[in-house]
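Undergrad: Got a sequence here, can you model it:
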Amino acid sequence: MSYLLTLYRDAELTLATTEPVVAPEQLVPLQDALALAERLSDLLARQQSALAAAEADARATGEAAGFAAGQARAQDAAAAALADALSRIAAEQAAQRDELRQALVALASGMVRRMAAELAPADVLAALAERAFDHVVPPQPVRLKLPPALLDPVRAELARRDLPLPVQCAADAQLHGLQCTIESQAGVLLAGLDDVLARTAQSLELSQRARAAPEAVR
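TA: Have a look, this model is predicted:
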């Protein structure tokens, strides 16, 4: 009959012998072996505990690092989204300002045209010409070219006004309606109603853009 005598056992280590009786001369070595087995088991348990703690710490550190990285990415994404939203809002506001400005210019031009339509064409052309004379620098004799049908009425109207410079009126068959030009040594100035309104609209556009530029920088 064979025997298997268990001398030491735990979760990680087992010592056993097939001898039913331990000889006296083997008792001390056996006790040393058992003590060593116990120390080894204790050491192994501590190592496993340390490994488990290290794994838990590493997991926690990794989760914290992952959370921090995710939070940083989320913050970056939120900042980028906010910047994009602000850019879109600024662009929409700029477009709305441009549309409003164009609408106001169109409204003002329409009002001026309706007012001009209610006045005598000769009176309108005389007023346009008199205003245009202020842009002739330095003051000098000019030739005012007019539609043939309005030559005499405009000349008569200008004769009743105190003009800043000598004016010679002449007919130009290429001009129609409320068109007129002013010729001088300084050059040719288009002074008809459409030309004046176009220059006014352009001046307003440039003024509004110059005023909006500092706002865009801020």
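Undergrad: Now do the SS call for Lys145.
TA: Three-state call for Lys145 (DSSP: H, G, I helix; E, B strand; the rest coil): strand.
Undergrad: And for Val188?
TA: strand.
Undergrad: Count the neighbours of Pro147 for me.
TA: 20 (other Cβ atoms under 10 Å). (C-beta placed from N, C-alpha, C; glycine too.)
Undergrad: what sits against the residue lying closest to it once chain neighbours are set aside?
TA: Of all residues not flanking Pro147 in the chain, Leu175 sits nearest, at 4.6 Å (Cβ to Cβ, 6 or more residues apart in numbering). By Cβ atoms under 8 Å, 6 or more residues apart in numbering, Leu175 lies in contact with 145-147, 181, 192.
Undergrad: wait, which of those residues is closest to Ala156?
TA: Set against Ala156, the nearest of the contacts of Leu175 by Cβ to Cβ is Leu146 (11.9 Å).
Undergrad: Run a quick neighbour tally on the closest one.
TA: Neighbours around Leu146, by other Cβ under 10 Å: 26.
Undergrad: Which residue, neighbours along the chain excluded, lies closest to Ala191?
TA: Nearest non-adjacent residue to Ala191, counting by Cβ to Cβ, 6+ apart: Ala132, 3.7 Å away.
Undergrad: quick one, what contacts Ala126?
TA: Residues in contact with Ala126, defined by Cβ under 8 Å, 6+ apart, are 154, 157-158, 161.
Undergrad: tell me which element it is part of?
TA: Secondary structure from DSSP states H and E places Ala126 in helix 121-133.
Undergrad: Which residues are in contact with the closest residue to Gly177 other than its chain neighbours?
TA: Leaving aside its chain neighbours, Gly177 sits nearest to Pro147 (6.8 Å; criterion: Cβ to Cβ, 6+ apart). Counting by Cβ under 8 Å, 6+ apart, Pro147 touches 171-172, 175-177, 179-180.
Undergrad: Those into a markdown table, with extra columns for pLDDT?
TA: Shown next, in a markdown table, are those (pLDDT from 0 to 100):
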| residue | pLDDT |
| --- | --- |
| Ala171 | 96 |
| Asp172 | 95 |
| Leu175 | 95 |
| His176 | 93 |
| Gly177 | 90 |
| Gln179 | 93 |
| Cys180 | 94 |
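Undergrad: With respect to Ala60, which of those residues is nearest?
TA: Nearest member of these to Ala60, counting by Cβ to Cβ, is Gln179, at 85.3 Å.
Undergrad: Touching, the closest one and Ala173? I think so.
TA: No: look at Gln179 against Ala173 with Cβ atoms under 8 Å: they stay out of range, at 11.4 Å.
Undergrad: Settle it for me: which of these two has more neighbours?
TA: Higher neighbour count among Gln179 and Ala173: Gln179, with 20 against 8, using other Cβ under 10 Å.
Undergrad: Phi first, then psi, for the residue nearest to Gly177.
TA: Backbone geometry at Pro147, expressed as degrees, to the nearest 10, gives phi -60, psi 140.
Undergrad: Also Gln168?
TA: When quoted as degrees, to the nearest 10, the phi and psi of Gln168 stand at phi -110, psi 120.
Undergrad: which residues does it bridge with?
TA: Beta bridges link Gln168 to Arg143, judged by DSSP bridges.
Undergrad: residues in contact with Glu130?
TA: 158, 161, 163.
Undergrad: ChimeraX command for the buried members of those residues?
TA: Of the contacts of Glu130, the buried ones go into a single ChimeraX selection, burial set by 16 or more other Cβ atoms under 10 Å:
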select :158
